[in-house]
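Asker: okay, sequence plus prediction incoming.
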Amino acid sequence: MQTENYFDTRHSLYVDHFKQGLAYEEYLQTATDQERERWEASAKRIVLTPDQKALLGSFIREINVIVLSGTWCGDCVRQGPMFRAIEKACPVMKVKYFDNKKYPELANELRICGGSRVPVVLALSEDFNEVARLGDRPLSVYRLKAETQLGPACDAGVVPPSEQELAVELSEWVQFFERVHLLLRLSGTLRSKHGD
């Protein structure tokens, strides 16, 4: 009984917050001019391949996405435009952005490794059940950080990622959403509901 209450409470949290979330352009309006410039510069570097666009355009299950973010955050500056490019290529995806400092209850629910990190992506089904979450960086970024921060190497500071690094990271996010879509597409409950 206690478990059901936890899941009901969490489900209500997702539904209620999704209604309050901001679309990408609205979210960027909450940023300072300098932060917005960084996001816009990052967006110009994000390019989906034709195959990625075709894949994302083929999705048929609705995917609701909560992105816990911070306009000031370097990882968000890089990844937020990736989520926007993916959303634009995928007509069945709706993405809502939340400032982690303005939504402490949501930030608390989406903790990673015990901490409030950003960005955190929460993928939800059409009826707002959790499908998957990922934060705050995909594997390729952690591998690069490990090379510079573990062992004798030393990170000299913030270095913009190369085009190849961005392409790999974007590919990982496309794969994340492909996995989400396949989970939804193969769901017995949803197949019964949609008759497919």
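Answerer: Right, received. Where do you want to start?
Asker: quick check: Cys90 touching Gly57?
Answerer: Yes - contact status for Cys90 versus Gly57: in contact at 6.7 Å, counting by CB atoms under 8 Å. Every C-beta, even on glycine, is put in place using the N, C-alpha and C of the backbone.
Asker: out of these two, which sits in the more crowded spot?
Answerer: Cys90 (21 against 11; other CB atoms under 10 Å).
Asker: give me the pLDDT for that one.
Answerer: On the pLDDT scale, Cys90 is placed at 98.
Asker: same check on Asp155?
Answerer: Taking Asp155 on its own, its pLDDT is 45.
Asker: try Thr3
Answerer: 59.
Asker: ditto for Asp8
Answerer: At Asp8, pLDDT is 83.
Asker: that one is in what secondary structure piece?
Answerer: helix 2-20 (DSSP states H and E).
Asker: quick one: distance of that helix to the chain centre.
Answerer: Put simply, helix 2-20 sits 19 Å off its chain's centre (CA atoms, centre = their mean, to the nearest Å).
Asker: from the contact counts, what lies against it?
Answerer: strand 63-69, strand 93-99, helix 104-109, strand 120-124 (3 or more CB pairs under 8 Å, 6 or more residues apart in numbering; DSSP states H and E).
Asker: at 7 Å what do you get?
Answerer: Contact partners of helix 2-20 among helices and strands, from 3 or more CB pairs under 7 Å, 6 or more residues apart in numbering; DSSP states H and E: strand 63-69, helix 104-109.
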